[in-house]
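Engineer: Okay, predicted coordinates and the sequence, questions at the end:
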Amino acid sequence: SPPRPSPPAVPNPAAPGTAASSLSFRPVRGVGATPSYAAAAGTKVALFSKGSPRHLSSPNPATCVAFRWDGRVLLVGDDSGSVRALDAAGKGTPTPLRTFRAAGAVRAVAWLRDGRRFVSGGDGGTLCVHSLGAGVGKSGAGDGCVGRGVGHGDALRAAAVATEGDADVVVTGGYDHAVRVWDATACGRDGYAAPVALRVLFAAHPVECLVVVPGTGW
């Protein structure tokens, strides 16, 4: 059989030699819509679609990015412990909505299914559940955290959200080799509530990436 063609090269999101620490694909809406994605690399976040990429400057090295399920809001975490929510609904460059404070340098962000809450985690080892309606900026001082999960004994490096079932299930992994499963359903629904620890698993090595497989029971 003829050899398979090589996949197209992904353009470097910043200067040559800069490592991309995170990628997030923007959901494609409508027939013929152009796929696009965001990449965090150094002090820049690059948005790729047709033509040349658009670059957003980050006041601190960007570590992780995540589009909301509708593609209208982009989260950018950085190593200063901040998460910025950007309005990405228009065709222009995304504009700041709010800023949130996390526990230590941020290494992972993920949206809960309602699109009004998201989680962050990082070097502090704490899972933070944030409400998009709070934060620093338009709402004044505050971290927008409506629930904290404590349990990792080292840096939290990965977070993923289950998309099935009635509960808001969040899975986190860290340098302590632990994979922890949380129920964040109550966080922010009626004020502050800590996520409920459901179970913990242990890996042979530090955990840096997680994917929740559909159909997996908890």
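Structural biologist: Cool, got the structure.

Engineer: Name the next helix or strand downstream of the helix or strand of the chain with the lowest mean pLDDT, please.
Structural biologist: Using mean pLDDT, DSSP states H and E, strand 136-137 stands out as the lowest-scoring helix or strand of the chain, at a mean of 49. Where DSSP states H and E defines the elements, the next helix or strand beyond strand 136-137 is strand 145-150.

Engineer: and after that following strand, which helix or strand comes next?
Structural biologist: Assignment by DSSP H and E places the next element after strand 145-150 at strand 156-161.

Engineer: Partner strands of that following strand, with direction?
Structural biologist: Sheet pairing for strand 156-161, assigned by DSSP bridges, gives strand 169-174 (antiparallel).

Engineer: how close does Ser21 sit to Val211?
Structural biologist: According to Cβ to Cβ, to the nearest Å, Ser21 stands 17 Å off from Val211. C-betas here are computed from N, CA, C, even on glycine.

Engineer: do Gly165 as well
Structural biologist: For Gly165 relative to Val211 (Cβ to Cβ), the value is 17 Å.

Engineer: quick one: which of the two has more around it?
Structural biologist: Of the pair Gly165 and Val211, Gly165 is the one with more neighbours under other Cβ atoms under 10 Å, namely 12 against 7.

Engineer: Check what pLDDT the more buried one gets.
Structural biologist: Model confidence at Gly165, given as pLDDT, is 81.

Engineer: try Ala158
Structural biologist: Looking at Ala158, its pLDDT is 97.

Engineer: so what's it up against?
Structural biologist: With contact set as Cβ atoms under 8 Å, 6 or more residues apart in numbering, Ala158 has these partners: Arg107, Ala108, Gly121, Thr172, Gly173, Gly174, Val207, Glu208, Cys209, Leu210.

Engineer: Farthest pair within these?
Structural biologist: Pairwise distances across the contacts of Ala158 peak at 12.9 Å for Gly121 and Cys209 (criterion: Cβ to Cβ).

Engineer: which residues do the two both contact?
Structural biologist: Listed as contacting both Gly121 and Cys209 by Cβ under 8 Å, 6+ apart are Arg157, Ala158.

Engineer: More neighbours: which of the two?
Structural biologist: Comparing Gly121 with Cys209 by other Cβ under 10 Å, the one with more neighbours is Gly121, at 30 against 9.

Engineer: Check the burial of the closest residue to Asp123 other than its chain neighbours by counting its neighbours.
Structural biologist: In this structure, Asp123 finds its nearest non-sequential neighbour in Gly104, 3.7 Å apart by Cβ to Cβ, 6 or more residues apart in numbering. Per other Cβ under 10 Å, the neighbour tally for Gly104 reads 17.

Engineer: Who does the most centrally placed residue in the chain form a beta bridge with?
Structural biologist: Nearest to the mean C-alpha position of the chain, by Cα atoms, centre = their mean, lies Val109 at 2.3 Å. Here Val109 sits in beta bridges with Ser120, going by DSSP bridges.

Engineer: For it, report the pLDDT, please.
Structural biologist: 97.
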